[in-house]
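Engineer: Kindly return the folded structure for what I paste below:
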Amino acid sequence: MRKTQMVTDRELEIMKILWARGKASVREVQDDLNRDAGPVAYSTVQTLLNIMEEKKGLVRHVVEGRTFIYHPKKSSERTIRELTSRFVDRVFDGALDRMMVALFDSKPPTPEDLDRLRAMIDEAERASSDHPVATREEVAELA
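Structural biologist: Numbers count the residues shown, from 1 in each chain. Predicted structure coming up:
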């Protein structure tokens, strides 16, 4: 199974269009990009979609008549989860605390953000207590 590769800003814009639409032709993607992100050539969109399909495994196409219709291969949630995990591993050596410090430094959280984060931490703690991880000592005792 191919690992989800990092995507460029433009590729992410295209993915967001495909997630919102469910499927789209090159022309539809181009129209949405032109409306939301400024002018981009049809051939550029076509090339990007080809790369996203052949090299990155992010999209697939079907042919309807003479038109290629592109679909995202994975849901936005799954793709974002995979990209985020890869980013944390590559940039922060897997250290969530360092990533959170960087996030808070770049954009201070609102009180609402902090409430949601506390709720997520509480849920993560409940989930991990339901599935406790063995300590090194416990593993050593089993060996």
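Engineer: Report the beta-bridge partners for residue 24.
Structural biologist: Using DSSP bridges, the bridge partners assigned to residue 24 are residue 70.
Engineer: For burial, what's the neighbour tally of it?
Structural biologist: By other Cβ atoms under 10 Å, 23 other residues sit near residue 24. In this view, the C-beta of every residue, glycine as well, is placed from N, C-alpha and C.
Engineer: Test for you: state the pLDDT assigned to it.
Structural biologist: Looking at residue 24, its pLDDT reads 98.
Engineer: now do the one 4 residues further on
Structural biologist: The predicted local distance difference test score for residue 28 is 98.
Engineer: Number of residues surrounding it?
Structural biologist: Residues contacting residue 28 under the criterion other Cβ under 10 Å number 17.
Engineer: Where does it sit, in terms of helix or strand?
Structural biologist: Residue 28 belongs to helix 26-37 when elements are defined using DSSP states H and E.
Engineer: contacting residues around residue 13?
Structural biologist: 33, 36, 37 (Cβ atoms under 8 Å, 6 or more residues apart in numbering).
Engineer: who's in contact with the residue nearest to the spatial centre of the chain?
Structural biologist: Most central in the chain under Cα atoms, centre = their mean is residue 80, positioned 1.9 Å from the mean C-alpha point. When contacts are counted by Cβ under 8 Å, 6+ apart, residue 80 touches no other residue.
Engineer: which of the contacts of residue 13 has the most neighbours?
Structural biologist: For the contacts of residue 13, neighbours were counted by other Cβ under 10 Å; the highest total belongs to residue 33, with 20 neighbours.
Engineer: Now do the same contact list for it.
Structural biologist: Taking Cβ under 8 Å, 6+ apart as the test, what residue 33 contacts is 10, 13, 14, 17, 40, 45.
Engineer: can you point me to the longest helix in this structure?
Structural biologist: helix 111-130 (DSSP state H).
Engineer: Sketch out the low-pLDDT regions of this protein for me.
Structural biologist: Residue ranges of the chain with pLDDT under 70: 1-5, 131-143.
Engineer: Spell out the residue ranges of the strands in this structure.
Structural biologist: Assigned strands in the chain, in chain order: 24-25, 59-64, 67-72 (criterion: DSSP state E).
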